[in-house]
Structure formats: C-alpha cells, structure tokens
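Participant: From the sequence below, what's the structure:
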Amino acid sequence: MSSATDYESILKQFDPISLSEMESVKLMNRIDTKYVVSIRQLPVILRKALKEYYAQEIDGIRLATYDTMYYDTDDTDMYIRHHDRQLVRQKIRIRQYVDSDLTFLEVKKKNNKGRTKKKRITLPVVVPTGEVIGKNKKGEISVKEFIAAKSRYSWDELTPHLRTAFRRITLVNKAKTERLTIDLNLVWENQVTGRKETIPDLVIIELKRDGNVPSPMLDIMLEERIHPLKMSKYCVGTALTNPDIKQNRFKRKIRRIEKLLSTK
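Facilitator: Numbers count the residues shown, from 1 in each chain. I've put the predicted structure just below:
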C-alpha cells in the first residue's frame, strides 16, 4: 500500500499549468461536488488522474498555502442559515494566496438550484477596514461599496469569525472544462472563542465545473467507491471550535467524517 507522503512525489509527475493559462477555467458560476477522503487514499486518486489532468504550478510550487478569514454577523447569521438548510445563502471571506502574494475579498452565493457564484476584488492587505480600496475589472472600489453591491449584508455588521489555513493542490483537466481542488492539513482557529482545531488525515476534494460536463474525476471516484459529501469548511470549523453555537446538524457530519476517515 502507498504511504500518505507518496502524494507529493506523484504530484511532481503531472504536466504543469500556469496561473495565466488557467484564466479560461475560472468557473465563477459553477456546480460544485465535494468529497471527503483520507490522506491515505490520495496517492491512488492522484495516480489515476495523472494522464487526464494538469497540476497548477506557481514559481515551481504545486502544493500552495492558503490563509482564509471568514466574516459573519455577531449572531452568525451566515452560519445559522447554512445549519438550518436554507438553500439561498452567502459566505464572505478574505483569502490570501500566500505563495503568489495575492489577497482577495470574496462573496460566495449559493442559489436554490445548487449553483455557486463568486464575486471578488483584489485587496492590498489581508484584513481591511471599510476605507480600504480594492480593485476589480472595472477599476477601484471600496470594501464597503463592494459588500453593499454584492451581498445582503453591510460591511459594518461583519466581524472576523474563523481563520482557516490549509495546503491546496489544484488540478485542471486536459479539456480545460473543470478544476479540481484538493485541500489538506486544515487548521481552524476561531476568532471569537480562541479555540484551534484540526481533523487529522482529512482531505477535501472539490470538483468545480460549469454544468454536467463529462469528468474524468467522477469516473475515478466511482471506481474508488467514494461518494459525494457536502461539507462547508467554514461551518464544520465553526462547529469544531465553538461548543456554544447551534450545531446539531454539523456534529452528525463531523462524526460521519471521522468514521469515514478511520475506516480508510
């Protein structure tokens, strides 16, 4: 059986794709399919994907470092809406792509048909105030203006709630119709309670495509008998790090994830 660390040597064997070459595969309006696997399963999945996918490479780095701060209201309205299974919901975050020195303020919206739309602006700093000016394709825009235009919330009612750090592998299929993100080494740090948590061996794989286009990864997952599992890093991390918050639904999901990882 392959060891968990084998995934790094397999990752080096993929044909590379640069950030600029990925411009046509942004998929800002997409259908997401998530899977949870053990780090021990990752080498098998990567080996089967070798011929069908490119690996994103930035300055020679294929295992990128991400640092994300999720924002919410004082009463955690975004978290509660997700917990209560409301189909129309949002997430607001500031994500730093550490290796490429890029920072974005992002608004992710999920509609009642299961589609995800993401809007974002570039920021000069990791954690801005309302006066910070960001940039999008149309030019400069303040954080307050962007949130007011793209979100149901105002910037003044939002505060940092959860920091999430992880490493990410990004694959692009050879037809350039989908992206695959593989997140590992996740650490959650709650900004309200001060608690920090992780789930050892957890790997989150997310398939992102514009509609039901054919996908080599779907075939690989079927072969490996790995089934989709909906999971929000923000919600699971919040449940893990805040014992006082409403979390019945996510407690069950965390137990299911831990059981799944223990059997692989």
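Participant: my guess is Asp75 is in a strand, correct?
Facilitator: No. Under DSSP: H, G, I helix; E, B strand; the rest coil, Asp75 sits outside any strand and is assigned coil.
Participant: All the strands of the stretch 51-200 of the chain, residue numbers only.
Facilitator: 53-56, 64-72, 89-97, 102-110, 115-122, 133-136, 139-142, 159-173, 178-190, 196-197 (DSSP state E, counting those that start in this stretch).
Participant: The third one: how far from the chain's middle?
Facilitator: With C-alpha atoms, centre = their mean, to the nearest Å as the basis, the distance from the averaged C-alpha position of strand 89-97 to the chain average is 9 Å.
Participant: hang on, the earlier thing: just the strands of the stretch 51-200 of the chain: most buried one?
Facilitator: Ranked by mean neighbour count under mean count of other C-beta atoms under 10 Å, the strands of the stretch 51-200 of the chain are led by strand 53-56, which reaches a mean of 22. (Each C-beta comes from the backbone N, C-alpha and C, glycine too.)
Participant: And Tyr54, how far from Asp183?
Facilitator: 18 Å (C-beta to C-beta, to the nearest Å).
Participant: Poorly predicted segments of the protein, please.
Facilitator: By pLDDT under 70, the low-scoring segments of the chain are 1-5, 25-30, 125-130, 264.
Participant: coming back round to it: looking at the strands of the stretch 51-200 of the chain, which is closest to Lys233?
Facilitator: With C-beta to C-beta, the closest approach to Lys233 among the strands of the stretch 51-200 of the chain belongs to strand 159-173: 5.5 Å.
Participant: Sheet partners, orientation included, of that closest one?
Facilitator: Looking at strand 159-173 with DSSP bridges, its partner strands are strand 53-56 (antiparallel), strand 64-72 (antiparallel), strand 178-190 (antiparallel).
Participant: And the helix ranked longest in the chain, what's buried?
Facilitator: Ranked by number of residues, the top helix in the chain under DSSP state H is helix 248-262. The neighbour-count check on helix 248-262 (16 or more other C-beta atoms under 10 Å) flags Phe250, Lys253, Ile254, Ile257, Leu260, Leu261 as buried.
Participant: which one is the fourth one nearest to, not counting chain neighbours?
Facilitator: The one in question is Ile257. Using C-beta to C-beta, 6 or more residues apart in numbering and skipping the chain neighbours, the partner closest in space to Ile257 is Val36 (5.5 Å).
Participant: Could you give the bridge partners of that neighbour?
Facilitator: Beta-bridge partners of Val36, counted by DSSP bridges, are Ile204.
Participant: Then Thr116?
Facilitator: Going by DSSP bridges, Thr116 forms beta bridges with Arg30, Lys110.
Participant: Surely it is in contact with Lys110?
Facilitator: Yes. With contacts defined as C-beta atoms under 8 Å, Thr116 counts as touching Lys110 at a distance of 5.5 Å.
Participant: what's the closest of the strands of the stretch 51-200 of the chain to Met231?
Facilitator: strand 178-190 (10.3 Å).
Participant: for the strands paired with strand 159-173, which one sits closest to Tyr153?
Facilitator: Set against Tyr153 and scored by C-beta to C-beta, the strands paired with strand 159-173 come closest in strand 64-72, at 8.5 Å.
Participant: List of residues touching the closest one?
Facilitator: Residues outside strand 64-72 that contact it (C-beta atoms under 8 Å, 6 or more residues apart in numbering) are 56, 58, 78-79, 91-100, 126-127, 158-170, 183, 191, 233-234.
Participant: Surely Gln13 forms part of a strand?
Facilitator: No. Counting by three-state DSSP, Gln13 falls outside a strand, being coil.
Participant: Use 26 as the first number for this chain going forward.
Facilitator: With 26 as the first residue, the last one maps to Gln38.
Participant: The residue nearest to it when sequence neighbours are not counted - how many residues pack around it?
Facilitator: Spatial nearest neighbour of Gln38, chain neighbours left out: Leu75 (6.0 Å); criterion: C-beta to C-beta, 6+ apart. For Leu75, the tally of surrounding residues (other C-beta atoms under 10 Å) stands at 14.
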